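Q: Provided below for reference: sequence and predicted model.
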Amino acid sequence: MLNRISAFLQLLQIKPNNKTKKTLPFILVAIGMICLWIVLSPLLNTTLNFFLDPTRELIDPSTSRVFPMPIVIGSSTDPENLSDAASWFIKTVPLPSPAITKITHFSLSVPEKELIDIPVEVNGSNLKKNAIHYPGTALPGEYGNTVIFGHSALPQFFRPKDPLTIFNPLTKITVGDTVNIRFDGIKYSYSVKKISEVEPDRIEVLSQDFSTHELTLITCVPLGTYWHRLVIKAELIN
């Protein structure tokens, strides 16, 4: 390896001396360790935050509310395409029918986490364009569970309002934070009550409870992977 590097340096008319030959391996190892840390640190950070935060817990599906409506468990046409909201859970849930509304988009904000006026497409599917209101779940302000999906990525690639990193800030959200939604000219405020991580086959997070107004925000974690789903549950307060 050193001979090849030396030959490359000679081509560049750089003559390595003995000192260079001795320090070069350490430099290469250091560069490799830095690159490895850049990739792994977000994963470790997200995982540690989950285990150290007492307000976060894994959902136990045996204690989840049941669906009060007919559900057909199916599979996505392309389970590897995570730009399609229907692919985010191994067993997808085609709910009875998308909500009928003239509203095509609304906005979502979490002021405490500098998430401001994120566009959400009603009954959409393409997460490369914006966050998605999952078809068939309650619309903001209605009784039931309003479910919103959004992409996340490695922190190094985060760009505000970039659809591919739009939900990165959700990993820093805490119980008690306020989530604001502006839908059809009306502002709805929700308070975060529960933060969980689930396996991709835990479809209980899409369940509908028509005795309350719920909001569920979902993204992939650890950041940069799609191993788990971060699930943030909030309740309407205003």
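A: Yes, it's here.

Q: When you work out contacts or count neighbours from here on, use the C-alpha atoms and nothing else.
A: Noted.

Q: Output the longest strand belonging to the protein.
A: Secondary structure of the chain read by DSSP state E shows that its longest strand is strand 186-198.

Q: Next secondary structure after that one?
A: strand 213-221 (DSSP states H and E).

Q: if you average pLDDT over that next one, what comes out?
A: Averaged across strand 213-221, pLDDT comes to 92.

Q: Which elements pack onto it?
A: Contact here means 3 or more CA pairs under 8 Å, 6 or more residues apart in numbering; DSSP states H and E; on that basis strand 213-221 packs against strand 144-149, strand 228-236.

Q: Would you format these as JSON lines with distance to residue 118, mean pLDDT and mean neighbour count included?
A: Listed next are those as JSON lines, based on distance: least, CA to CA, whole Å; pLDDT from 0 to 100; neighbours: other CA atoms under 10 Å:
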{"stretch": "strand 144-149", "distance to residue 118": "11", "mean pLDDT": "92", "mean neighbour count": "25"}
{"stretch": "strand 228-236", "distance to residue 118": "16", "mean pLDDT": "92", "mean neighbour count": "23"}
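
Q: Could you pull up the contacting residues of residue 212?
A: 143, 144, 235 (CA atoms under 8 Å, 6 or more residues apart in numbering).

Q: Over to residue 41?
A: Per CA under 8 Å, 6+ apart, neighbours of residue 41: none.

Q: and it, what element?
A: Per DSSP H and E: helix 18-52 holds residue 41.

Q: Which helix or strand in this protein has the lowest average pLDDT?
A: strand 56-58 (a mean of 42; mean pLDDT, DSSP states H and E).

Q: And the next helix or strand past that one?
A: strand 105-110.

Q: Output that following strand as CSV - backbone C-alpha positions only.
A: The C-alpha trace of strand 105-110 is given here as CSV (Å, rounded to 0.1, in the frame of the first residue of the first chain):
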residue,chain,number,x,y,z
HIS,A,105,-52.1,21.2,1.4
PHE,A,106,-51.8,22.6,4.9
SER,A,107,-48.8,23.6,7.0
LEU,A,108,-47.2,22.2,10.1
SER,A,109,-44.9,24.0,12.7
VAL,A,110,-43.1,23.1,15.8
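
Q: tell me which strands and helices that strand is in contact with?
A: Short answer (3+ CA pairs under 8 Å, 6+ apart): strand 105-110 packs on strand 115-122, strand 178-183.

Q: who wins for proximity to residue 231 among the ones you listed?
A: strand 178-183 (13.8 Å; CA to CA).

Q: Given the closest one, what are its sheet partners and their directions?
A: strand 105-110 (antiparallel), strand 186-198 (antiparallel) (DSSP bridges).

Q: buried residues in the last one?
A: The neighbour-count check on strand 186-198 (16 or more other CA atoms under 10 Å) flags 188, 189, 190, 191, 192, 193, 194, 195, 196, 197, 198 as buried.

Q: Distance-wise, check the fourth one relative to residue 168.
A: In other words, residue 191. The spacing between residue 191 and residue 168, counted by CA to CA, to the nearest Å, is 19 Å.

Q: Same question for residue 160.
A: 9 Å.

Q: Those two: who's more crowded?
A: Legend: neighbour count by other CA atoms under 10 Å for residue 160 and residue 168, higher for residue 168 (24 against 16).

Q: For the more buried one, give me its contacts.
A: Residues near residue 168 by CA under 8 Å, 6+ apart: 151, 152, 153, 155, 158, 223.

Q: what's the domain layout of the protein?
A: Using automatic domain parsing, the domain parsing of the chain gives 2-52, 56-236.
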